[in-house]
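Peer 1: turn this into a structure:
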Amino acid sequence: QVQLVESGGGLVQAGGSLRLSCAASGRTFSSYTMGWFRQAPGKEREFVATIRWSGGGTYYADSVKGRFTISRDNAKNTVYLQMNSLKPEDTAVYSCAARSRVGSYYPRAEYEYDYWGQGTQVTVSS
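Peer 2: Here you go, the predicted model:
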């Protein structure tokens, strides 16, 4: 079993930055593909970014490409989401997810992930 705990959310003005962290339990973290998703009020959860187990491959939603960066530190069992140039439409609960199965190179659907964190709130004011 893997437990994921997000941190780093908060209130920021438009144009500002935040860095989210997701700490994972378990000794096999380095073998998992990790992802970030977000859910805004009244909307479905959507894919944000994913990073392969080795950290060598990343994929982003078009809406965040060029502004957000996903990274990981396998020695610390942690994945990060650096968010720059934040916009009010980035306001959402951000959740990290872990995939233990092989097969999908850049998983972007919720069902492709096996474990989920509780989420952290990000609010961007205009």
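Peer 1: got the contact list for the residue nearest the centre of the chain?
Peer 2: Residue closest to the average C-alpha location in the chain (CA atoms, centre = their mean): W36, at 2.1 Å. By CB atoms under 8 Å, 6 or more residues apart in numbering, W36 lies in contact with 20, 22, 48-50, 70, 79, 81, 94-97. C-beta coordinates here come from the backbone N, C-alpha and C atoms, glycine included.
Peer 1: turn those into CSV, including distance to Q118.
Peer 2: Formatted as CSV, the contacts of W36 follow (distance: CB to CB, whole Å):
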residue, distance to Q118
L20, 13
C22, 11
V48, 16
A49, 19
T50, 19
I70, 19
V79, 15
L81, 15
Y94, 11
S95, 7
C96, 10
A97, 12
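Peer 1: which one of those sits closest to A40?
Peer 2: Y94 (10.3 Å; CB to CB).
Peer 1: check the closest one and give its pLDDT.
Peer 2: In this prediction, Y94 carries a pLDDT score of 98.
Peer 1: which residues of this structure score low on pLDDT?
Peer 2: The model of the chain has pLDDT under 70 over residues 55.
Peer 1: quick one on the thing from earlier: in three-state terms, label the residue nearest to the centre of the chain for me.
Peer 2: Reduced to three states with DSSP: H, G, I helix; E, B strand; the rest coil, the structure at W36 is strand.
Peer 1: nearest spatial neighbour of it, skipping sequence neighbours?
Peer 2: V48 (4.2 Å; CB to CB, 6 or more residues apart in numbering).
Peer 1: thinking again about what came up before, could you dump the contacts of W36 into TSV and include neighbour count and distance to G8?
Peer 2: Listed next are the contacts of W36 as TSV, based on neighbours: other CB atoms under 10 Å; distance: CB to CB, whole Å:
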residue	neighbour count	distance to G8
L20	23	4
C22	26	9
V48	24	14
A49	25	15
T50	26	18
I70	23	13
V79	30	11
L81	27	8
Y94	24	9
S95	23	13
C96	30	11
A97	25	16
